[in-house]
Every structure is written in structure tokens, then in C-alpha cells.
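# sequence plus predicted model, see below.
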Amino acid sequence: MKRFFAVFLIVILCSCSSGGGPIPVTTDPLPDMGDIADSVSEPAVTTGISTEAPVTEPPVTEPPAPVLPKLSFFLDDLSDTFAVIDSYKGTCVQGRDVGCFGIIPAVDGVSEKSYKSFWGKGWEDYPELEGMKLGYLLEFYLTGGEKVTVDILCPEDTEAAYNKYLEVYIYDDVNQIDGQWYSHLLQWQMKDETIITSVKLTGGAEAYKVDSIVLTAYLYDSEGQHYSVTELPIKIIK
């Protein structure tokens with residue numbers, strides 16, 4: 001029995017050895033590291049610094065200031081001298097004129113007999129005056145220290161509560177018929193060509209309270225820009 005088992009075992013071992021070999025094992029070669037490096041793309045690096053040339057804005061240039069005449073005050077006392085004044089002294093009494101003050105585009109006065117004819121000669125060399133107007137700023141102080149300020153661009157500006165101290169009358173001495181008497185401007189008389197060339201100040205009911213006055217004249221354009229500003233301080237004699 002032992003012999004038979006030994007023979008049987010030998011037969012089985014022989015059949016395993018001759019009938020099938022060991023199970024083959026397949027192994028792939030490892031890839032080359034250089035090939036891996038070539039196949040991997042590097043991420044883009046952002047530095048935050050622009051390489052484009054900066055856009056330069058063109059410089060903003062201001063338009064040149066218009067060439068305009070200097071304005072000067074003269075005492076409009078119906079004489080033909082048009083003598084320039086840079087200050088004035090007068091009384092402020094109810095119902096009486098402090099003074100009438102006109103504007104000329106000069107600093108030394110002129111010898112013309114007609115303000116109208118002078119005006120044309122004095123302004124014809126300044127084409128940039130086209131469309132400009134004359135305006136005024138009236139400032140006066142009361143004996144109690146109060147200050148009153150008024151812009152005067154038309155007759156409506158002369159009709160206000162401050163008239164109890166000063167009455168204001170404005171005139172167009174250019175657009176008038178030669179030799180014909182004319183009065184102060186009214187609102188309905190205002191036209192595009194109207195020029196306020198003079199201002200008359202008259203004492204109101206409480207004129208005694210007026211301590212000092214400053215009258216300022218200026219040119220202004222359609223946008224309200226002021227040019228050729230000139231002041232006339234008026235000292236009130238008590």
C-alpha cells in the first residue's frame with residue numbers, strides 16, 4: 001500500500017512538471033523621466049506687471065483769455081471831459097444824487113464831445129467784446145456794520161428793499177438818438193444790444209444810515225465769466 005501511494009505521488013508530480021510550466025509574469029519597462037518632463041506643461045505665471053506701454057492722455061489746454069480793454073470809471077456830470085476817477089467822495093442825503101458814474105474803456109480819459117462816438121472808437125479794436133455785457137456789483141455798509149450786496153444786470157435788480165437806503169438808476173448812453181433826451185432804463189426796454197454804461201446812486205428814505213459804498217464794474221460773457229473788473233470806492237461825507 002505504501003508502495004502504491006508512493007508510485008501515485010510520483011506520477012502526479014511528473015504530470016505537473018511536464019503538462020504545464022510556471023505562469024508567465026509580464027512587466028512593462030519604467031518610462032524615461034525625460035519623457036515625463038516633456039509631457040507635463042508648466043502652468044502660466046502671472047506677475048501682475050503689465051508689459052503694455054501706458055496710454056498717455058493729451059494735455060488739457062485752457063483757451064487763451066480774451067483780449068479786452070481795461071475799464072475805468074468817470075464822473076458823469078454832463079461835462080465833456082470824461083476824466084477818469086479811481087475814488088470819490090460825496091454826501092448821501094434823501095432825494096439827492098450821490099453821483100452818476102459812467103464806464104469808459106480807457107485809463108486817461110478822452111477828448112471826444114460825444115460819449116456815443118467815443119464808445120465806438122474805444123471798443124472797435126476789441127472784436128472779442130462781441131456778445132459781452134457790462135454788469136455792476138453794488139456794496140455798501142450801514143452805520144450799524146451791516147453789509148448790503150447787490151448784482152445789477154438789469155432794471156429789475158434796482159428795485160428792491162435796499163432802495164430805502166440807496167435808489168439805483170441805470171442808463172444806456174450808447175443806444176440813444178443823438179440830441180434827444182432819455183431817462184433811466186426800464187425792464188421792458190432791455191434788448192440784446194442794450195449796454196448799461198452808467199449807474200446813478202440817489203439817497204433813499206434812510207440814506208443817513210449809509211456809511212460807505214463800493215461800486216464795481218465788469219464785463220461778462222454768456223457763461224457769466226467776469227473780465228476787466230474795476231472798483232470805485234465811494235466815501236460818504238457826513
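Received, thanks.
# with adjacent residues omitted, what lies nearest to Leu215?
Once flanking residues are discounted, Leu215 sits nearest to Leu232: 4.7 Å by CB to CB, 6 or more residues apart in numbering. All C-beta spots, glycine's among them, are computed from the backbone N, C-alpha and C.
# what's the neighbour count on that neighbour?
Each residue near Leu232 was counted by other CB atoms under 10 Å, and the total is 22.
# can you list contacts of whichever strand or helix holds it?
When secondary structure is defined using DSSP states H and E, the element that contains Leu232 is strand 226-236. Where contact means CB atoms under 8 Å, 6 or more residues apart in numbering, the residues beyond strand 226-236 that reach it are 65-66, 68-73, 85-92, 98-99, 101, 132, 135, 201, 210-221.
# returning to what we had before: check the gap between the residue nearest to Leu215 and Ser114 for me.
Between Leu232 and Ser114 the distance is 23 Å, computed by CB to CB, to the nearest Å.
# what's the ChimeraX line that selects buried ones from the contacts of strand 226-236?
In ChimeraX syntax, the buried subset of these is picked out as below (16 or more other CB atoms under 10 Å):
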select :66,69,71,72,73,88,90,92,98,99,101,132,135,201,210,211,213,215,216,217,218,219,220
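# show residues contacting the strand or helix carrying Ile103.
Counting by DSSP H and E, the element that carries Ile103 is strand 97-104. With CB under 8 Å, 6+ apart as the test, strand 97-104 has contacts from 71-77, 82, 84, 88, 90-92, 110, 115, 118-119, 122, 134, 166, 171, 173, 197-203, 213, 215, 217, 232, 234, 236.
# what mean pLDDT does that strand get?
With pLDDT averaged residue by residue, strand 97-104 scores 94.
# pairing partners for it, with directions?
Based on DSSP bridges, the pairing partners of strand 97-104 within the sheet are strand 72-75 (antiparallel), strand 198-203 (antiparallel).
# that older thread, and the strand holding Leu232, what's buried?
So, applying 16+ other CB under 10 Å, buried residues of strand 226-236: Tyr227, Ser228, Thr230, Leu232, Ile234, Ile236.
# got the residues you listed as a markdown table, with pLDDT and distance to Ser183 columns?
Converted to a markdown table, the buried residues of strand 226-236 look like this (pLDDT from 0 to 100; distance: CB to CB, whole Å):
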| residue | pLDDT | distance to Ser183 |
| --- | --- | --- |
| Tyr227 | 89 | 29 |
| Ser228 | 88 | 27 |
| Thr230 | 93 | 26 |
| Leu232 | 96 | 23 |
| Ile234 | 96 | 23 |
| Ile236 | 95 | 26 |
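# could the residues you listed go into CSV alongside distance to Val60?
What follows is those, written out as CSV (distance: CB to CB, whole Å):
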residue, distance to Val60
Tyr227, 21
Ser228, 25
Thr230, 31
Leu232, 37
Ile234, 42
Ile236, 47
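# my guess is Phe140 contacts Lys209, does it?
No. Using CB atoms under 8 Å, Phe140 is not in contact with Lys209; the gap is 9.6 Å.
# intersection of neighbour lists for these two?
Residues touching both Phe140 and Lys209 comprise Tyr165, with contact defined as CB under 8 Å, 6+ apart.
# which of those two has more neighbours?
Regarding Phe140 and Lys209, a neighbour count based on other CB under 10 Å identifies Phe140 as having more, with 24 against 16.
# can you tell me the SS state at that one?
Here Phe140 takes the strand state, with states given by DSSP: H, G, I helix; E, B strand; the rest coil.
# once you drop chain neighbours, what's closest to it?
Counting by CB to CB, 6+ apart, the residue nearest Phe140 is Ile213, at 4.4 Å.
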